[in-house]
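K.L.:
Predicted model and sequence follow; I will ask about them next.
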Amino acid sequence: MEDVRKRIEPIMKDYPLPAGYSWKFGRGFDENDKAVQTMAQNMILAVVLIFLVMASLFESTLYPLSIITSILFAIVGRSGSWCSPARPSP
């Protein structure tokens, strides 16, 4: 939706509208922004709750922290390998 918004906005700014008329993005764009914000908050809350459960199970904060950071490093490493222009030959 952000790509569409970026493409539409300059076109509509240059479009001549009659006097008394204006334009704005519709409810779909607003609802999408709210949904993305809610999903981000829920993901942060989920990670915190998972950390708390793991900390209570392991009775330590070091083990859950190392597990969560290793998962994050694995995601970043895998994403980096997808974006890498040089692929190793089999």
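P.N.:
Cool, the structure landed.

K.L.:
C-alpha from now on. contacts and neighbour counts both.
P.N.:
OK.

K.L.:
so how far is the lowest-mean-pLDDT helix or strand in the chain off the chain centroid?
P.N.:
Across the helices and strands of the chain, mean pLDDT, DSSP states H and E gives its lowest value to helix 2-14, namely a mean of 85. Per Cα atoms, centre = their mean, to the nearest Å, the displacement of helix 2-14 from the mean C-alpha position of its chain is 21 Å.

K.L.:
Need the residues that contact it.
P.N.:
Trp23 (Cα atoms under 8 Å, 6 or more residues apart in numbering).

K.L.:
what is the orientation angle of the helix or strand following that helix with helix 2-14?
P.N.:
Toward the C-terminal end, the helix or strand that comes next after helix 2-14 (DSSP states H and E) is helix 27-58. If you take axes from the mean of the first three to the mean of the last three Cα atoms, to 10 degrees, helix 27-58 sits at 150 degrees to helix 2-14.

K.L.:
Can you give me the buried ones in helix 27-58?
P.N.:
Buried positions in helix 27-58, judged by neighbour count with 16 or more other Cα atoms under 10 Å: 51-52, 54-55.

K.L.:
which one among those gets closest to Ile75?
P.N.:
Nearest to Ile75 among the buried residues of helix 27-58: Phe51, at 17.5 Å, using Cα to Cα.

K.L.:
Now do the contacts for that closest one.
P.N.:
Phe51 is in contact with 64-65, 68, counting by Cα under 8 Å, 6+ apart.

K.L.:
Helices - which of those residues land there?
P.N.:
By the criterion of DSSP state H, membership of the contacts of Phe51 in helices covers 64-65, 68.
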